[in-house]
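> sequence and computational prediction follow.
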Protein chains: 2
Amino acid sequence: MVEFLCGLDAAVAVVGGKWKPLILWALSVEPRRTGELRRELSGVSEKVLTQQLRELERDGVVHREIHQQVPPKVVYRLTRKGAALDRALRPLGEWGEEHMDAIREVRA
Amino acid sequence: MVEFLCGLDAAVAVVGGKWKPLILWALSVEPRRTGELRRELSGVSEKVLTQQLRELERDGVVHREIHQQVPPKVVYRLTRKGAALDRALRPLGEWGEEHMDAIREVRA
DNA sequence: GGGTACACCCACCTGCAGGTAAGTACCGAA
DNA sequence: TTCGGTACTTACCTGCAGGTGGGTGTACCC
């Protein structure tokens, strides 16, 4: 790994994770706490959510903001790079929106 | 499955496969025969390549054109829908191009 | 006759992404 | 004093995407 054939390859390495696109989408609306994210993306396990958030943080698209208090409070927000990534994903989302029905139909 | 939370979800269902983005990229340059694709995407096994091509065909983004002759000749090309998908992937590719170095660096 | 190229198909196997369930440490409310 | 909420971590397990290696049929070249 760590060798990309093209830009698309690199981008996929960042957003390629079961919940990552949805996480980015959620955070693009507004910053959120861990629990809020968990409830929004119904179906994610706690482990996988934090895991994917850590990877997004490592890749520099998500910022983790720890409010030192009890009980703990952690807020996630998109970095500038993350916002750009989100914008780059928009056309893909629109394409999906447009052809969703046809795709769904073909898988029955 | 067959239930998408949003357009992005649907699009990912289509391009989410180890070689699919690269296949689309290759076919966007020009239509290709099976063997040409195999050589271009060095690393794909024959099985997985045809498998992913079949799925892309089923999803209506790739057209399979069989020239009835011996030895067999099969040409794959993007459909209009496929070309639109390719265009929708461009911004993502550019984002990747731009941040590729940073991403590579963070994974060492 | 042996080798190569074409575009497949099939049975089998492996690695790892993702899921499950439990534990940590703290506090406030019932 | 037990419960619920906060944000995690750890050990363990499972399913399946993807990879390996073989086989098919035809025709050309040496």
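Now that the structure is in, tell me what you want to look at.
> ok, residue A:65 touching residue A:79?
No - assessed by Cβ atoms under 8 Å, residue A:65 is found out of contact with residue A:79, at 11.1 Å. C-betas here are computed from N, CA, C, even on glycine.
> okay, the two: which has more neighbours?
Of the pair residue A:65 and residue A:79, residue A:79 is the one with more neighbours under other Cβ atoms under 10 Å in any protein chain shown, namely 16 against 11.
> mind listing what that one touches?
Residues near residue A:79 by Cβ atoms under 8 Å, 6 or more residues apart in numbering or on different chains: A:60-63.
> likewise for residue A:61?
Residues in contact with residue A:61 (Cβ under 8 Å, 6+ apart) are A:14, A:24, A:78-79, A:81-82, A:85.
> residues near the residue nearest to it when sequence neighbours are not counted, how many?
Spatial nearest neighbour of residue A:61, excluding adjacent residues (Cβ to Cβ, 6 or more residues apart in numbering or on different chains): residue A:82 at 3.4 Å. Number of residues near residue A:82 (other Cβ under 10 Å) recorded here: 23.
> would you mind measuring from residue A:82 to DNA strand C?
Separation of residue A:82 from DNA strand C (Cβ to the nearest atom of the strand, to the nearest Å): 18 Å.
> that residue contacts residue A:25, doesn't it?
No - Residue A:82 is not in contact with residue A:25 according to Cβ under 8 Å; the separation is 11.3 Å.
> who's in contact with stretch A:92-107?
Stretch A:92-107 has contacts (Cβ under 8 Å, 6+ apart) with A:25, B:1-4, B:6-15, B:58-60, B:81, B:84-85, B:88-89, B:92.
> restricted to helices, list those residues.
Within those, residues falling in helices by DSSP state H are A:25, B:7-15, B:58, B:81, B:84-85, B:88-89, B:92.
> fine, thanks again, bye for now.
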